[in-house]
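Participant: Got a sequence here, can you build the structure:
(2 chains)
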There are 2 protein chains.
Amino acid sequence: MRYTNAKEYNVAIVGATGSTGSKTMEILAERKFPVANIIPIASNRFSGREVSFKNSSIKVRTFENADFSDVDLTFFCAGNAVSRKYAGQVADSGSVIIDKSSYFRLDSKVPLIVPEVNAKALKKGAPLGIISTPNCVAVPLTIVLKALSEVSAIKRVVVSTYQSVSGAGRRGIDELYNQSKTIMSAGTPTPEVFPKQIAYNVIPSIGDITALGTCDEEEKVASEIRKILRSDVKIAVTCVRVPTFIGHCMSLACEFAKPVSEHDAFDAFDNFEGIVTLDRREGNGVFATPIDVQGEDGVFVSRVRKDYSTKNGLMLWIACDNLRKGAALNSVQIAEELIAEDPQLKMFRKK
Amino acid sequence: MRYTNAKEYNVAIVGATGSTGSKTMEILAERKFPVANIIPIASNRFSGREVSFKNSSIKVRTFENADFSDVDLTFFCAGNAVSRKYAGQVADSGSVIIDKSSYFRLDSKVPLIVPEVNAKALKKGAPLGIISTPNCVAVPLTIVLKALSEVSAIKRVVVSTYQSVSGAGRRGIDELYNQSKTIMSAGTPTPEVFPKQIAYNVIPSIGDITALGTCDEEEKVASEIRKILRSDVKIAVTCVRVPTFIGHCMSLACEFAKPVSEHDAFDAFDNFEGIVTLDRREGNGVFATPIDVQGEDGVFVSRVRKDYSTKNGLMLWIACDNLRKGAALNSVQIAEELIAEDPQLKMFRKK
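Facilitator: Okay, here's the model as predicted:
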């Protein structure tokens, strides 16, 4: 992105010591977002901790020690409880919030944005001063579905996910690492972050299970996708945690109103910003795995093939760095959209 | 199983040093299959190696040093190349073969058996002297689909698998273990058995990719299920290798001709031999993961829920020990069916 206005912004990062928070600072620097000052915020237990931004180390502050009246943009990267408690007062002080938690995502007054898909939804501003960034599965999924919907209307999608532990933050990463060490030295790990052992195991549920039998993550994916795509696309999701560190994957079986050939799909993907395709015709092994997409910005699509089990079916495999496009990168891209739309950010401040 | 005839059988195990071969001997002992003598066979490179059966150690033999004329039953647990090369001559010498490889599975003269599902198919004997046991995904899948088909005809199933490395035998287990060790000491592993790194990664293809874009394993699962169920049930499969040691899992989205409630499904499962259900209503965390099913005989079904994305839909999660029910246990159960049907095994010998 080329920044065409000369203005620089004061940017606060809530949850600056966490995996999404630190990744957000890394991507702000990497994309040369016009930052005047960075204000890292963390809870009391990180008191005294320093985080790095560009070439300097900056001490984290607590909410109590931070003044938001000069802050233009605040990235909330600290989960629902923190967003619920603090987002309102930060918005009141005039800072525009980009929220990574799920707390505001389905609020009709809060735009839920994947820039490649629905940047237009920002034209109406942000009445609460809050813009939400979607769940890390919903981001790549809406990009792929939006690209395909330009070939034909989508009738139904069946999705199964293969989600890395970093989706549960730094504690998730630590748990997989520590459990692996324990098992390699013939010990028995005790689950803390995840409901069962995650090392050398897979867990077919993310979040609590609802009365309907779906789990929280499955509910989020389905409802967020409908909001972002502004459609009632039918979606059946199974969310599964797998023992990978970074990179969320998913298998898709899509049903369309009209026939969609593999060629149509590749064309649509190649013409859509943010998608990287791997063509199966280039030989065996040409598919994207979690380790292939670590550190990458793109949503990787591979294993595209006709689904002969239904009338107009197509199957494919998505892989995406959940910490980048699934979270921090998407947030920074939203910030880029905001300053491009209104360099003063006036239209996005709380009314 | 209670064995009601007094006859004991000479049993050969081809591939006795491998994971399926050794598991087959373990299960023969565990289920008190009436074994007179056990004859473990392995390739030259295992020359001198001993394997254990019950409380004794037995030296493995090569094909060249084995005489099959007195062998009643031979379990082939050594892959396609060995079955292709040796099964014909072993059958010629009068031994009945239970073959774990995929080589004969789709041959119309070879019964492909999951005892709980289609034991009846053995009534016609085995013209080639060979009975095949299905792919380790197909075994649990046919059991669950057969149970559900007793509630309503199945129109279509979308399946995504989470398959452990032991599906690729002992070398697969070693590769995951060694790669984990390498990564934990900050090294970079080199894939040998799997096409990409499997530790802390998932690989969305098993076997070669065909001209249609499906992979070998996906083709096997779909075609074997149609043969076992004697139906042209529509099936869309994505096969994925995950970094677990033992236990294959799969997510299912089933579409039926008639509505099938969760209650109907639980009833059907509870009335079907070989299925263990976990009821989501008992609280969170009540689902079966790979480590939960290691060493278990049952096919575990959990996360049963309505699929509101289609007319008569139901979703669920299957977990099964791929070395037991997915392979060795199913083979031994086939042997039990054979001796129950014809203690002299005459009707299963090559004509």
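
Participant: Tell me the residue of the stretch 151-300 of chain A that sits nearest chain B?
Facilitator: Distance from chain B to each residue of the stretch 151-300 of chain A (CB to the nearest CB) is smallest for A:Gly213, at 3.0 Å. Any C-beta I mention is one placed from the backbone N, CA and C, and that applies to glycine too.

Participant: mind showing which ranges of the stretch 1-150 of chain A have poor pLDDT?
Facilitator: A:1-5 (pLDDT under 70).

Participant: which stretches of it form strands?
Facilitator: Along the stretch 1-150 of chain A, counting by DSSP state E, counting those that start in this stretch, strands occupy A:9-14, A:35-41, A:50-53, A:56-59, A:73-76, A:96-99, A:130-132.

Participant: buried residues in the longest helix along chain A?
Facilitator: When chain A is parsed with DSSP state H, its longest helix is helix A:169-184. Within helix A:169-184, the residues scored as buried using 16 or more other CB atoms under 10 Å in any protein chain shown are A:169-170, A:172-173, A:175-177, A:179-180, A:183.

Participant: try stretch A:124-131
Facilitator: A:125-126, A:128-131.

Participant: ditto for stretch A:27-40
Facilitator: A:27-29, A:33-35, A:38-40.

Participant: returning to what we had before: name the SS class of the nearest residue to the residue of the stretch 151-300 of chain A closest to chain B once chain neighbours are set aside, please.
Facilitator: Nearest residue to A:Gly213, sequence neighbours excluded (CB to CB, 6 or more residues apart in numbering or on different chains): B:Arg305, at 3.0 Å. Using DSSP: H, G, I helix; E, B strand; the rest coil, the three-state assignment for B:Arg305 comes out as strand.

Participant: just the one 4 residues further on next, same as before
Facilitator: On the three-state scheme (three-state DSSP), B:Ser309 is labelled coil.

Participant: right, and it touches A:Thr238 too?
Facilitator: No - using CB atoms under 8 Å as the test, B:Ser309 is too far from A:Thr238 to be in contact (11.7 Å).

Participant: what about the residue lying closest to A:Gly247 once chain neighbours are set aside, distance to B:Glu175?
Facilitator: Excluding the flanking residues, the one nearest A:Gly247 by CB to CB, 6+ apart is A:Pro290, at 2.8 Å. According to CB to CB, to the nearest Å, A:Pro290 and B:Glu175 sit 17 Å apart.

Participant: Check A:Asp92 too.
Facilitator: A:Asp92 is 56 Å from B:Glu175, by CB to CB.

Participant: need the contact list for A:Val237.
Facilitator: A:137, A:159-161, A:214, A:218, A:221-222 (CB atoms under 8 Å, 6 or more residues apart in numbering or on different chains).

Participant: centre of the chain versus the strand or helix carrying it, how much separation?
Facilitator: A:Val237 belongs to strand A:234-238 when assigned by DSSP states H and E. Between the centre of strand A:234-238 and the centre of its chain there are 18 Å (CA atoms, centre = their mean, to the nearest Å).

Participant: after it comes which helix or strand?
Facilitator: Next along from strand A:234-238, by DSSP H and E: strand A:248-256.

Participant: Okay, now the sheet partners of that next one, with direction.
Facilitator: Strand A:248-256 has its sheet partners listed here by DSSP bridges as strand A:154-162 (antiparallel), strand A:313-320 (antiparallel).

Participant: and the next element down the chain from it?
Facilitator: Past strand A:248-256, the next helix or strand by DSSP H and E is helix A:262-270.

Participant: residues of that next one that come out buried?
Facilitator: So for helix A:262-270, counting by 16+ other CB under 10 Å, buried means A:262, A:264-266, A:268-269.

Participant: picking that back up, in JSON lines: the strands of the stretch 1-150 of chain A, plus distance to chain B.
Facilitator: Compiled in JSON lines, those are given as follows (distance: least, CB to the nearest CB, whole Å):
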{"stretch": "strand A:9-14", "distance to chain B": "28"}
{"stretch": "strand A:35-41", "distance to chain B": "28"}
{"stretch": "strand A:50-53", "distance to chain B": "22"}
{"stretch": "strand A:56-59", "distance to chain B": "25"}
{"stretch": "strand A:73-76", "distance to chain B": "27"}
{"stretch": "strand A:96-99", "distance to chain B": "26"}
{"stretch": "strand A:130-132", "distance to chain B": "24"}
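
Participant: Would you format those as a markdown table with distance to B:Val51 included?
Facilitator: As requested, these are exported to a markdown table (distance: least, CB to CB, whole Å):
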| stretch | distance to B:Val51 |
| --- | --- |
| strand A:9-14 | 60 |
| strand A:35-41 | 61 |
| strand A:50-53 | 57 |
| strand A:56-59 | 60 |
| strand A:73-76 | 60 |
| strand A:96-99 | 60 |
| strand A:130-132 | 60 |
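
Participant: Minimum distance to A:Arg105: which of those has it?
Facilitator: strand A:130-132 (4.4 Å; CB to CB).

Participant: which residues sit against that closest one?
Facilitator: Residues contacting strand A:130-132 (CB under 8 Å, 6+ apart): A:87, A:91, A:96-102, A:104-105, A:107, A:110-113, A:122, A:334, A:338, A:348, A:350.

Participant: contacting residues for the residue nearest to A:Ala327 when sequence neighbours are not counted?
Facilitator: Nearest residue to A:Ala327 in three dimensions, chain neighbours excluded: A:Thr20, at 4.8 Å (CB to CB, 6+ apart). Remark: with contacts taken as CB under 8 Å, 6+ apart, A:Thr20 is in contact with A:77, A:100, A:169, A:323, A:327-328, A:331.

Participant: end-to-end on stretch A:106-117?
Facilitator: 17 Å (CA to CA, to the nearest Å).

Participant: What of stretch A:50-62?
Facilitator: End-to-end distance (CA to CA), stretch A:50-62: 12 Å.

Participant: What residues sit buried inside that stretch?
Facilitator: A:51, A:53, A:58, A:60-61.

Participant: now do stretch A:286-295
Facilitator: In stretch A:286-295, counting by 16+ other CB under 10 Å, buried: A:287-294.

Participant: Can you spell out which helices and strands pack onto the host helix or strand of A:Ser302?
Facilitator: Using DSSP H and E, A:Ser302 sits in strand A:299-307. On a contact count with 3 or more CB pairs under 8 Å, 6 or more residues apart in numbering or on different chains; DSSP states H and E, strand A:299-307 meets helix A:138-149, strand A:248-256, helix A:262-270, strand A:275-277, strand A:313-320.
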